[in-house]
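Novice: The following block contains a protein sequence and its predicted model.
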Amino acid sequence: MTTALIADDEPHLAHYLKDQLALLWPELQIVHIARNGVEAAARIAELQPDLAFLDIQMPGLTGLEVAQGIEGATRVVFVTAYDEYALEAFEHAALDYVLKPVKAERLAKALARVKAGLTAPAAEPDAALAQALQRLMGGTATVPVLRYVRASQGELMHQIPVGEVLFFHADEKYTCVQTATAEYLIRTSIVELLPQLDPARFLQVHRATLINLDHLAGTRRDEASRLFVRFRGLERELPVSRAYVHQFKAM
Amino acid sequence: MNTSAILISAWKHQWRMTRHRAEPLWARLAVITGLALLIGLALALVSGAISNGFTTARWWQISLPANVLLSLSVAYTFTAIFRALELGLPAPWVAAIGTWRDWRAALFYTAIGMLGGTLGVLLGLRLVDLIWQLDILRHFMSSRSAWGQFLAISVVLSLIQWLWWRVHTKQQALQLKATETQLKLLQAQIEPHFLFNTLANVQSLIDYDTPRAKLMLENFTDYLRASLQNLRRDDCTLEQELETVASYLILLQTRMDERLRYTIEASAEARAATVPPLLLQPLVENAIHHGLEPKIEGGMVRISATVAQGRLHITVADNGMGLDVQPRPGRRGSGLALNNIRERLRTRYDGLASLRLTPGRPGTEAVLDLPYQLK
């Protein structure tokens, strides 16, 4: 049976979508309705639904950010009332989306497409998502390239050459900077770091993760076919979200 | 601010009644002294031209310095009376007088001008007598023709001032109207995201909670009607503005459910106040969009309005994300709306009103400080 999650901060809209889905796709099982982006991300990771209907403007994380962090096979359908730029990007990348207020006819069409996609996946659906996310979330402003990361630790300040960083990984509040020998915490977010790093060297593999390709040892796929990146001289592995998996095809 | 900017500001605000003056005392004295010197010089030149006295020592030694002294005396006396009234009158009066733009202003300023002129001339003549060992004051007081001349000059000067005032204010009013209309138009734009989400909520409620859907539609209608009406109005009462805000908040509360709570508290005195339309609304929208909507647990908006000392204070406080949080992608920044409000306050109240934003604990507090006006 196909399972789905709905995420919308406005409860009436979430329930209405659920009712509409029940009419148009009775076999679809709604496993959870999330009220915010953080809840949506956690439940998607836990329940691994086949589909996620994500509102774009949500507290916590936006629908786009939730999509950026999906590691499993969950396929995203964006739901939005009005987002000029987003709609343009979705159209461009041929992504699935639904407009609010929901029109039954339009929803049926979108669902037909989604169904077709579930049985016979398109060649590069994740690449399309990554491309759309890049368009919507990647800052266009050019910022000087970062050469050193400065992290304070008690009374000390450590200056770490960017080349020595294995990865940046965001926690709830801080961003962890991992080198071969140590781990530091900084307050700069992944979103702020990304435009300051050399794109030939640093790669985004998750909403929360930027890795240094120079230190990448390889990847590992687990039994649920999720992908993880591994680093030289480090035991810790980090998950790759679906939108970014296509970057790691073997030659 | 550099010196010339301070002087220009002092000059612009010299002629309007306000208790709090931003410019330092020296700037105001410099402006008034400069003006008095110019007038004194002009009077001396006129009297010199009439009596053809430029070649005489008397003109250089007495007529020129005495005329300048007399002008300074009038200017300082006028300024002293003006300042004394600003500080001595009850604050609400001063605030009200400061906003006059019609015949009341003309009458009031002419009256102070005449009073300052008379006292200043008498004082100045006494000084001239003392310095040059003359007896002009007694001569002046006892001479009917001298009084007549003085009165005639005063009336002519007042008339000129009044005409200048009328032309100036009319021109200013036209200019302000144009700017105001443009700014209001910008603020009256209904955000598409709000529009479609509200309609989507009505759609979702129609079948399973019809009364609520009806209520929502009614509030949406109220909100739209008020927004359109406000576009055409120049003034509204705070009561009307609060009603629009209430419709908006009821809509948002239906949408956000328990994530939004709000209170509106305003005294009857405050509700009766005349305010520019669509001034408060954007502040409430900001509190929701940038403060509460992005916050997972939501929060509270408190709107309050009070009148104190001739001023109307309107506060919009939320306990949301606060001022430092970066605007989210795809959303209009809050700065745009705030700049718009400040610009409208500037064109309409010319420095007599302000919008202040302070970080709350947590959240943001926005305070509008306006002159209290009644229709």
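Specialist: Cool, the structure landed.
Novice: near chain B, which residues of the stretch 101-250 of chain A?
Specialist: With the criterion set to CB under 8 Å from any CB of the partner chain, the stretch 101-250 of chain A comes near chain B through A:101, A:102, A:136, A:137. Yep, even glycine has a C-beta here, placed from its N, CA and C like the rest.
Novice: Tell me the one among those nearest to residue B:280.
Specialist: Nearest to residue B:280 out of those is residue A:101 (CB to CB; 28.8 Å).
Novice: Next, the contact list for the closest one, please.
Specialist: A:81, B:196, B:199, B:200, B:202, B:203, B:204 (CB atoms under 8 Å, 6 or more residues apart in numbering or on different chains).
Novice: who wins for neighbours among the residues you listed?
Specialist: residue B:204 (26 neighbours; other CB atoms under 10 Å in any protein chain shown).
Novice: how much space between that residue and chain A?
Specialist: 3 Å (CB to the nearest CB, to the nearest Å).
Novice: Kindly report the same for residue B:219.
Specialist: 15 Å.
Novice: other SSEs contacting the helix or strand encompassing that residue?
Specialist: Using DSSP states H and E, residue B:219 maps to helix B:210-232. Contacting helix B:210-232 under the criterion 3 or more CB pairs under 8 Å, 6 or more residues apart in numbering or on different chains; DSSP states H and E are the following elements: helix B:144-188, helix B:192-206, helix B:238-256.
Novice: and if we set it to 6 Å?
Specialist: On a contact count with 3 or more CB pairs under 6 Å, 6 or more residues apart in numbering or on different chains; DSSP states H and E, helix B:210-232 meets helix B:192-206, helix B:238-256.
Novice: Okay, angle between that helix and helix B:144-188 too, please.
Specialist: Relative orientation of helix B:210-232 and helix B:144-188, computed by axes from the mean of the first three to the mean of the last three CA atoms, to 10 degrees: 140 degrees.
Novice: Now helix B:210-232: average pLDDT?
Specialist: Regarding helix B:210-232, the rounded mean pLDDT is 89.
Novice: Switch the residues of the stretch 101-250 of chain A next to chain B over to CSV; also include secondary structure.
Specialist: Supplementary listing: these in CSV, determined by DSSP: H, G, I helix; E, B strand; the rest coil:
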residue, secondary structure
A:101, coil
A:102, coil
A:136, helix
A:137, helix
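Novice: List buried residues within those residues.
Specialist: Listed as buried from these are A:101, A:102, A:136, A:137; burial here means 16 or more other CB atoms under 10 Å in any protein chain shown.
Novice: and the nearest residue to the first one once chain neighbours are set aside, what does it touch?
Specialist: With CB to CB, 6 or more residues apart in numbering or on different chains as the criterion, residue A:101 has its nearest non-adjacent residue at 3.9 Å, and that residue is residue B:200. In this structure, residue B:200 makes contact with A:13, A:100, A:101, judged by CB atoms under 6 Å, 6 or more residues apart in numbering or on different chains.
Novice: can we see that at 8 Å?
Specialist: Residue B:200 neighbours (CB under 8 Å, 6+ apart): A:10, A:13, A:16, A:81, A:100, A:101, A:102.
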